[in-house]
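Trainee: Quick one: sequence and predicted model below, then my questions.
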Amino acid sequence: MNSFKYIFIVAICLVCFGCKVNYSFTGITETPETFQVNFFQNNADLVEPGLDQLFTNALQDLIVNQTSAQLVTSGGEVIYEGEIVEYRIAPMTATAQNTAAQNRLTIGVRVRYINTKDEEKDFERTFSFFYDYGASEQLTGGVRDTAFDEILERLTQDILNASLADW
């Protein structure tokens, strides 16, 4: 009975460690060794101070956290560059008194993705996302922070999916 237990343990170890399965929750199929994120300047008609740095850092952080690639300042295997092209606040829904019931903040970013190992994967594309908030609220403090968090999370994830994942 003792030898059966050892054979069983060896068999389990072989099954678990003998095969390498390439599985990812993020869908990232190819991870570059290095990546570079150049500063995304804010060229929108309405400029929100600090948004350019927030976006650049958010994209860097997401790639670091979801891939094994190393962030470099130059010579990256893949390069992300571009600019913020849209920062817009617009009324979305109206009340019976013809006043805005909700406002929408929209942020758009033009991204140029350069893959130095495979030029066919290069692209230039604009990504955009929005956040709705009550018309009685000011886009400051916690409302602004929540809006930026949600928009930047979605924008950066969409950029990562378009560049490194098979989505």
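Mentor: Sure, I can see it.
Trainee: other SSEs contacting the helix or strand harbouring Asn103?
Mentor: Asn103 belongs to strand 100-115 when assigned by DSSP states H and E. Strand 100-115 is packed against helix 51-66, strand 78-94, strand 123-134, helix 141-164, with contacts defined by 3 or more CB pairs under 8 Å, 6 or more residues apart in numbering; DSSP states H and E. Any C-beta I mention is one placed from the backbone N, CA and C, and that applies to glycine too.
Trainee: Quick one: work out the angle between the second one and helix 51-66.
Mentor: This means strand 78-94. 120 degrees (axes from the mean of the first three to the mean of the last three CA atoms, to 10 degrees).
Trainee: Glu33: which of the helices and strands packed on strand 100-115 is closest?
Mentor: Comparison of the helices and strands packed on strand 100-115 against Glu33 by CB to CB identifies strand 78-94 as nearest, at 9.4 Å.
Trainee: still on that earlier bit, averaging pLDDT over each of the helices and strands packed on strand 100-115, which comes out lowest?
Mentor: Per-stretch mean pLDDT for these is lowest at strand 78-94 (a mean of 93).
Trainee: That one pairs with which strands, parallel or anti?
Mentor: strand 34-37 (parallel), strand 41-42 (parallel), strand 100-115 (antiparallel) (DSSP bridges).
Trainee: now it, how far from the chain's geometric center?
Mentor: Computed by CA atoms, centre = their mean, to the nearest Å, the chain-centroid distance of strand 78-94 equals 14 Å.
Trainee: same check, this time on stretch 147-159
Mentor: 6 Å.
Trainee: before we move on, what about stretch 128-138?
Mentor: 20 Å.
Trainee: Just the C-alpha atoms of it, please, in PDB.
Mentor: Once non-C-alpha atoms are left out, stretch 128-138 reads as follows in PDB (Å, rounded to 0.1, in the frame of the first residue of the first chain):
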ATOM      1  CA  SER A 128     -12.100  56.900 -26.200                       C
ATOM      2  CA  PHE A 129     -14.100  56.400 -23.100                       C
ATOM      3  CA  PHE A 130     -16.500  58.400 -20.900                       C
ATOM      4  CA  TYR A 131     -17.900  58.800 -17.400                       C
ATOM      5  CA  ASP A 132     -21.400  60.100 -16.600                       C
ATOM      6  CA  TYR A 133     -22.000  62.100 -13.400                       C
ATOM      7  CA  GLY A 134     -24.900  64.200 -12.000                       C
ATOM      8  CA  ALA A 135     -25.400  67.700 -13.300                       C
ATOM      9  CA  SER A 136     -25.600  69.000  -9.800                       C
ATOM     10  CA  GLU A 137     -22.000  67.600  -9.100                       C
ATOM     11  CA  GLN A 138     -18.900  69.500  -9.900                       C
END
